[in-house]
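Enquirer: Can you look at this prediction? I've put the sequence above it.
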Amino acid sequence: MAIAAAVFVYPNGLSKKFLPWRLGLDLVGGTHLVYEVDMSQVDSSERDSVAGGLRDVIERRINLFGVSEPQILSSKEGDSYRLIVELAGIKDVNQAIKMIGETPLLDFREVIENPNASSTDQKYQFIQTNLTGRYVKSAQVGFDSTTGKPEVNIQFNDEGAAIFEELTAKNVGKPIAIFLDNALIEMPNVIEKISGGSARITGKFTADEAKTMVERFNAGALPAPINLISQQTIGASLGQQSLSKAIYSGILGTIIIIIFMLLYYRVLGIFSSLALIIYVFLTAAFFKLGITMTLAGIAGFILSIGMAVDANILIFERTKEELKKGLAKSSAIEEGFRRAWPSIRDSNVSTIITTVILYYFTGSFIRGFALALLIGVVISMFSAITVTRTMLRVFMKND
């Protein structure tokens, strides 16, 4: 498994064509944008939903723009809501800013169905109406009292209620299409004329899908303009230099750790060094499978390399104490693992708790560091306990 991982993570190997490394903007260059969301006209109870909807809309816009691996995060500083957008490898920054900066547009359209159409694209014709997101007062997730299935409840303001009543009266038995940023998000059928400004959307969707729909409704319905407050451009050459230095420091750090373990623990150091090399390959392969690597993430990975042998040190020191008591090597090793495990468990659990807190309560760069360190700690427990222990059981003799 380790050999396969080594071949997989090799930068110029065969996997480069099919699954290249995902690198963040600080390694390949790009643009870091910070937007402030104006929530002055949004009710405090709906601000989190609006921020989530805006993030979802912006991510879809960027994907349509063709940017690879965009990172869109929302943060809250006091009463200020912000959206952080990281565009790795972006070329036309001005056009991207223009697309991102527009407030999401929600609108309702009449549907004319052509049953004789030869393709799905020609099956429906959509006609613009006067009912747009600015008439929507709020949207919430609800559940049908009879079936218990999730539904979306929409409340229009007085002006919107009148438009919606007229629109539903004209389309009883027909669908009404709901678009966000000119993308169709739902097309419910009108059962009867709806008065009073309240509407229910039911369908075959889950509670999570209903929540996402509500966020999109609120993002398009409520006045929440997005203002660009910070823009930082990182050149590709700077990112490449940072990547080269990070790789060099990681290799150098690993070599120094191996030399220390060999000099201090002799034969035991050989097994811990092999386990460390296996750990590096397995962790790197895990990162390559689905994580965007940033400079902060690489720093967390390199830190976890140093932490990967601390469990071995605890085990080896305990094993040496058992050997001094006169136990055979195999028994001393087993006892060393058994007695060292509580300390290894507690120290790693403490680190995991810290990384989880960092991931959920900080910004993008720190989150990358926390995620890399978390993955590294989990895999290091496997390499220190399972890999090292297996090799010692196989190759260590009692003589």
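Expert: Good, I have the coordinates. Numbering: from 1, shown residues only.
Enquirer: if I pick I333, what's in contact with it?
Expert: 319, 389, 392-393, 396 (C-beta atoms under 8 Å, 6 or more residues apart in numbering). In this view, the C-beta of every residue, glycine as well, is placed from N, C-alpha and C.
Enquirer: which two in those residues are spaced the farthest apart?
Expert: The most widely separated members of the contacts of I333, counting by C-beta to C-beta, are T319 and R393 (12.6 Å).
Enquirer: Looking at these two, which is more packed in?
Expert: Neighbour comparison, T319 and R393: the larger count goes to T319, with 25 against 12 (by other C-beta atoms under 10 Å).
Enquirer: List the residues that contact that one.
Expert: By C-beta under 8 Å, 6+ apart, the contact list for T319 reads 268, 332-333, 335-336.
Enquirer: Pull out the buried positions in the helix or strand where T355 lies.
Expert: According to DSSP states H and E, T355 maps onto helix 329-361. By neighbour count with 16 or more other C-beta atoms under 10 Å, helix 329-361 contains the buried residues 329, 332-337, 340, 344, 348, 351, 355, 358-359.
Enquirer: Same list, those residues, but as JSON lines with distance to V309 and pLDDT please.
Expert: Output for these, formatted as JSON lines (distance: C-beta to C-beta, whole Å; pLDDT from 0 to 100):
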{"residue": "K329", "distance to V309": "20", "pLDDT": "83"}
{"residue": "A332", "distance to V309": "19", "pLDDT": "88"}
{"residue": "I333", "distance to V309": "16", "pLDDT": "86"}
{"residue": "E334", "distance to V309": "20", "pLDDT": "88"}
{"residue": "E335", "distance to V309": "20", "pLDDT": "89"}
{"residue": "G336", "distance to V309": "15", "pLDDT": "88"}
{"residue": "F337", "distance to V309": "15", "pLDDT": "89"}
{"residue": "A340", "distance to V309": "13", "pLDDT": "88"}
{"residue": "I344", "distance to V309": "12", "pLDDT": "88"}
{"residue": "N348", "distance to V309": "13", "pLDDT": "89"}
{"residue": "T351", "distance to V309": "14", "pLDDT": "91"}
{"residue": "T355", "distance to V309": "19", "pLDDT": "92"}
{"residue": "L358", "distance to V309": "23", "pLDDT": "89"}
{"residue": "Y359", "distance to V309": "24", "pLDDT": "86"}
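Enquirer: out of those residues, who's nearest Q140?
Expert: The closest of these, once distances to Q140 are taken by C-beta to C-beta, is Y359, at 29.0 Å.
Enquirer: List the single closest residue to that closest one in space, sequence neighbours excluded.
Expert: A370 (4.2 Å; C-beta to C-beta, 6 or more residues apart in numbering).
Enquirer: Now do the strands in this protein.
Expert: Assigned by DSSP state E, the strands in the chain fall at 30-37, 71-77, 80-88, 106-113, 124-132, 136-143, 150-156, 176-180, 183-186, 198-202, 226-234.
Enquirer: Just put those in CSV and tack on distance to R55 and mean neighbour count.
Expert: Shown next, in CSV, are the strands of the chain (distance: least, C-beta to C-beta, whole Å; neighbours: other C-beta atoms under 10 Å):
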stretch, distance to R55, mean neighbour count
strand 30-37, 10, 22
strand 71-77, 5, 16
strand 80-88, 6, 21
strand 106-113, 16, 18
strand 124-132, 21, 15
strand 136-143, 16, 19
strand 150-156, 19, 20
strand 176-180, 13, 21
strand 183-186, 15, 14
strand 198-202, 22, 17
strand 226-234, 10, 14
